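Asks: Quick one, fold the following:
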Amino acid sequence: STNYFITIDFRIKTDKHNVVLLFYKEISMGIQLRQDEQVQREAHFHWSAYLVSGAWAGLMGLSMLGQLVSAKTSGGSTFWMLIIGFGPLAYVWLKNKNKTYVVTNQRLYVEEGILSKSKTDIPFNKINDISFNQGILQRMFGSGNVSVMTGNDKPTKMANLDHPEQFREALSAVCHKKSV
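Replies: Predicted coordinates:
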């Protein structure tokens, strides 16, 4: 599982005439920050990512409640209704809980996977294009998708992000700084 810890560290850096107090914040979520690397933005998932599976769980919950009130259910069927009703919601929640998208000042870090993990570092000089798209419901709810294209690889798609345009802008800004 991914743990989130915030480490705050104050360091003093001196050069010829100045003493500078540097403030370091490290977010530990499987990502090991490199020397002089700082987190610029982390992607968060929008609540609408749970809309379909949540609606399904709600319908199944109401169905279970109706069966329990009418006393027409056995323990075995209640168990399977719980699995069928809340399983998709639990799966989507676990899938999103085990995804990490972080923009640092040096790279885009991508971590995904529930049972098996995939960790990818995408250096900014390898990023060819960053695209943003929203369906009509995503526009209504304020979520969206960001895709990052690198060379001949398939795009890295980050779906149902909260504030996707801000995430894309932060990534574009850091990529632009590195290319100039």
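Asks: so what does the helix or strand that Lys177 is a member of touch, helix or strand wise?
Replies: Using DSSP states H and E, Lys177 sits in helix 164-179. In terms of contacts (3 or more C-beta pairs under 8 Å, 6 or more residues apart in numbering; DSSP states H and E), helix 164-179 is packed against strand 39-42, strand 100-104, strand 127-133, strand 143-150, strand 156-162. All C-beta spots, glycine's among them, are computed from the backbone N, C-alpha and C.
Asks: Can you pull out the residues in contact with that helix?
Replies: The contact list for helix 164-179, computed with C-beta atoms under 8 Å, 6 or more residues apart in numbering, reads 40-41, 43, 101, 103-105, 108, 124-125, 127, 130, 132, 134, 143-146, 148, 158, 161.
Asks: shaky segments in the protein?
Replies: Applying pLDDT under 70 to the chain flags the ranges 1-30, 71-76, 178-180.
Asks: Have a look at it and report its longest helix.
Replies: helix 75-97 (DSSP state H).
Asks: between that helix and strand 156-162, how big is the angle?
Replies: 110 degrees (axes from the mean of the first three to the mean of the last three C-alpha atoms, to 10 degrees).
Asks: How about helix 75-97, which residues are buried there?
Replies: The neighbour-count check on helix 75-97 (16 or more other C-beta atoms under 10 Å) flags 81, 85-86, 88-89, 92-93, 96 as buried.
Asks: And for stretch 40-47?
Replies: Buried residues in stretch 40-47 (16+ other C-beta under 10 Å): 40-43, 45-46.
Asks: before we move on, what SS does Lys154 have?
Replies: Secondary structure state of Lys154, per DSSP: H, G, I helix; E, B strand; the rest coil, is coil.
Asks: Can you give me the neighbour number for it?
Replies: If you count neighbours by other C-beta atoms under 10 Å, Lys154 ends up with 8.
Asks: Equivalent analysis for the one 5 residues further on, please.
Replies: The burial count assigned to Ala159 is 17, neighbours taken as other C-beta under 10 Å.
Asks: Sweet, I'm off.
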